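Student: requesting a structural model of the entry that follows:
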Amino acid sequence: MHVFSVVVWLGGLMFQSAVAMPIFQLEGDQSKAAMRKVNKRFIGFVWMSVWTMLITGVIMMLLNPKFVWFEYRDRWSILLGVKELIFIFMVLYAFGYARMLKYLEAPSSNGGFSDKAELYRHRVNQFRKISIFLGISALLLAAAM
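Tutor: Residues are numbered from 1 along each chain as shown. Alright, predicted model coming up:
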């Protein structure tokens, strides 16, 4: 379940970056509403993945005989600590990603969409790329453990 939730989260981010976004960008203004719907729908999968990763990760950590609270003396515990730190950063970027999507959906005072929509789209893409990098790093650390 732990690995599956990572694959869902990371795979979804990679699909959006490599497949969905280039298609939406080619289609122009007509596809922006569809792009917002895809992003909004994906946020639910992100939070399901976060909770699954958190719960299964804590269970696996506590059941492992190598685990000792706040001791980083061997290679396994150091890799675990770095992996936990990466998970925290991924969750923070997921919050930022969700917040930027809400800003994209909010209408502005002039009746259209926010004047800062382009900035928010850029931030969403940035957060997605950073999350992909962090997710790949976490997978590599898991493999090294």
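
Student: could you use CA atoms for every contact and neighbour count after this?
Tutor: Fine.

Student: mind listing what's buried along the helix or strand harbouring Phe45?
Tutor: Taking DSSP states H and E as the definition, Phe45 sits inside helix 32-63. Residues of helix 32-63 classed as buried: 35-36, 39, 42-43, 46-47, 49-50, 52-54, 57 (neighbour count, 16 or more other C-alpha atoms under 10 Å).

Student: and stretch 84-102, by the same measure?
Tutor: With burial defined by 16+ other C-alpha under 10 Å, the residues of stretch 84-102 counted as buried are 84, 86-87, 89-90, 93-98, 100-101.

Student: take those and keep only those in helices.
Tutor: 84, 86-87, 89-90, 93-98, 100-101 (DSSP state H).

Student: rewinding a little: want to throw the buried residues of helix 32-63 into TSV with pLDDT?
Tutor: Listed next are the buried residues of helix 32-63 as TSV, based on pLDDT from 0 to 100:
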residue	pLDDT
Met35	77
Arg36	74
Asn39	78
Phe42	84
Ile43	84
Val46	86
Trp47	88
Ser49	89
Val50	89
Thr52	92
Met53	90
Leu54	91
Gly57	89
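
Student: can I get the least confident helix or strand in the chain by mean pLDDT in PDB? Just the C-alpha atoms.
Tutor: When the helices and strands of the chain are scored by mean pLDDT, DSSP states H and E, helix 21-27 comes last with a mean of 77. Coordinates of each C-alpha in helix 21-27 appear next as PDB, following Å, rounded to 0.1, in the frame of the first residue of the first chain:
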ATOM      1  CA  MET A  21      -0.400  20.000 -19.600                       C
ATOM      2  CA  PRO A  22       1.100  20.000 -23.100                       C
ATOM      3  CA  ILE A  23      -2.200  19.000 -24.600                       C
ATOM      4  CA  PHE A  24      -4.100  21.700 -22.600                       C
ATOM      5  CA  GLN A  25      -1.600  24.400 -23.500                       C
ATOM      6  CA  LEU A  26      -1.900  23.500 -27.200                       C
ATOM      7  CA  GLU A  27      -5.700  23.800 -27.100                       C
END
